[in-house]
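*Asks:* got a sequence here, can you build the structure:
(one chain, ligands or ions: 1)
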Amino acid sequence: MLRVTIRHYYDFGTDRAIVGDDLVRPDAWDRLRTKTSGVFAIPPTREEFVQTAEGRADIAGRARAIDAWLEGRGARVVASYGVGGAALEWWLHKLRPRRKLIVTDYGEATVQRLVETFPEVVVRYHDLLRDEPLVADVHLFHRIDTELTNREWQEVFTRFARVPILVVATEVLDLRRLLLELRLRRRMKLRHATKAGYLRSSAAFEALWRPTHTSHPIRMHDLSSWELRPRAVGRTDSARGLSHTYEPLPDRRVRTRAAEPSDVIDHLRKGDRTVGGLSRHHEGGLQRPDP
Ligand SMILES: C[S@@+](CC[C@H](N)C(=O)[O-])C[C@H]1O[C@@H](n2cnc3c(N)ncnc32)[C@H](O)[C@@H]1O
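*Replies:* Predicted coordinates:
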């Protein structure tokens, strides 16, 4: 499929008053994590945190796949970004307690709650839009793809150009899913649903890091993922503080101007696969942000 990026919405029902009209802000995520009690909340006590994480069989399966992959790469230090409730990271820790795990988020209340409930790992405030990569063998982006625009992601990958990354996608748009999103769009608008980031096709994902990393698609249990290696000459292990010669490809930025859904459908109907970089945000429909 072509490069397609669409905005998506989520109907939080009675929690909408708490979250507001745009989820992708640190204060909105913090309120969702600490002022609601549903699937998105981070439990306030250690006991409930562990109980909640252990109850996630889907995440346990994915963690096993990620753990095996990390072992294969000999990763001794892993930094995971935008961890939210950190259920995946709980499982990664449980499976391999000797591996050092650094968990980060940009919600201050989220970070504080993790400090209190998850003492086995290093918890850090980190804003992907601003901060440099932490010192680690592998950098994990687990279901945070929805959070940034294409331009923002390109800036992140440029800042992370010298480090290996594992991207685990929330969801990859195919034609069926795209058409469903577009159909639900009107309903979401009528319900004043909350803006909840972006969804992308596989080609749109790969365009984000093409100037800085080579990638290899892999399946992590139930989710599409990519292993990213820096397009750098020499060693890339930042944990050992080695210097690198970095030779990125010329920057071919993905266009991000807004387009109407009909634009995308037209291109898809025509089967016009020669259209380079059709990567346009437009408003989609129901999509569940991941708890
Ligand atoms: C969809 S949730 C995913 C949480 C977790 N990784 C998971 O898979 O359950 C997205 C998370 O990214 C965080 N986030 C969004 N923008 C961020 C940024 N600029 N820097 C760091 N974290 C960010 C949010 O606070 C939220 O916890």
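*Asks:* all contacts plus neighbour counts: C-alpha atoms, from now on.
*Replies:* Will do.
*Asks:* residues in contact with the most centrally placed residue in the chain?
*Replies:* The chain has Ile144 as the residue nearest its centroid, 1.6 Å off, counting by CA atoms, centre = their mean. By CA atoms under 8 Å, 6 or more residues apart in numbering, the contact set of Ile144 is 81-82, 169-170.
*Asks:* what's the closest of the residues you listed to the ligand?
*Replies:* Nearest to the ligand out of the contacts of Ile144 is Gly82 (CA to the nearest ligand atom; 3.6 Å).
*Asks:* just the pLDDT for the closest one.
*Replies:* pLDDT for Gly82: 98.
*Asks:* next one: Asp266
*Replies:* Taking Asp266 on its own, its pLDDT is 44.
*Asks:* got it, and Thr274?
*Replies:* 24.
*Asks:* try Arg185
*Replies:* So Arg185 comes in at 87 (pLDDT).
*Asks:* what about it, helix or strand, and which?
*Replies:* Using DSSP states H and E, the element containing Arg185 is helix 175-190.
*Asks:* from the contact counts, what lies against the helix or strand that that helix is followed by?
*Replies:* Next in sequence after helix 175-190, counting helices and strands by DSSP H and E, comes strand 194-201. Here strand 194-201 touches strand 5-10, strand 172-173, going by 3 or more CA pairs under 8 Å, 6 or more residues apart in numbering; DSSP states H and E.
*Asks:* which secondary structure elements does the shortest one sit against?
*Replies:* Under the contact definition 3+ CA pairs under 8 Å, 6+ apart, strand 172-173 sits against strand 194-201.
*Asks:* avg pLDDT for the following helix or strand past the strand it packs on?
*Replies:* From strand 194-201 onward toward the C-terminus, using DSSP H and E, the following helix or strand is helix 202-209. Across helix 202-209, pLDDT averages out at 98.
*Asks:* for Arg176, grab the count of nearby residues.
*Replies:* 8 (other CA atoms under 10 Å).
*Asks:* quick one on the thing from earlier: so which of the contacts of Ile144 sit within helices?
*Replies:* Using DSSP state H, no member of these falls within helices.
*Asks:* save these as CSV, and put in distance to the ligand and neighbour count too.
*Replies:* Below are these laid out as CSV (distance: CA to the nearest ligand atom, whole Å; neighbours: other CA atoms under 10 Å):
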residue, distance to the ligand, neighbour count
Tyr81, 6, 25
Gly82, 4, 24
Ala169, 9, 22
Thr170, 8, 19
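*Asks:* sorry, back to before: for the residue nearest to the centre of the chain, give me the pLDDT.
*Replies:* Looking at Ile144, its pLDDT reads 98.
*Asks:* next, it: phi, psi?
*Replies:* phi -120, psi 0 (degrees, to the nearest 10).
*Asks:* okay, it and the ligand: tell me how far apart.
*Replies:* Counting by CA to the nearest ligand atom, to the nearest Å, the gap from Ile144 to the ligand is 5 Å.
*Asks:* and the gap between that residue and Glu171?
*Replies:* 10 Å (CA to CA, to the nearest Å).
*Asks:* on that earlier part again, and the helices and strands packed on strand 194-201: which comes nearest the ligand?
*Replies:* strand 5-10 (11.6 Å).
*Asks:* what mean pLDDT does the closest one have?
*Replies:* 93.
*Asks:* what pairs with it, and is each one parallel or antiparallel?
*Replies:* According to DSSP bridges, strand 5-10 forms sheet pairs with strand 194-201 (antiparallel), strand 283-286 (parallel).
*Asks:* hmm, the first one in reach of the ligand?
*Replies:* No: contact check for strand 194-201 against the ligand, using CA under 6 Å from any ligand atom: none in range, with a minimum separation of 8.7 Å.
*Asks:* distance from the chain centre to that strand, please.
*Replies:* 11 Å (CA atoms, centre = their mean, to the nearest Å).
*Asks:* one more: stretch 73-91?
*Replies:* 12 Å.
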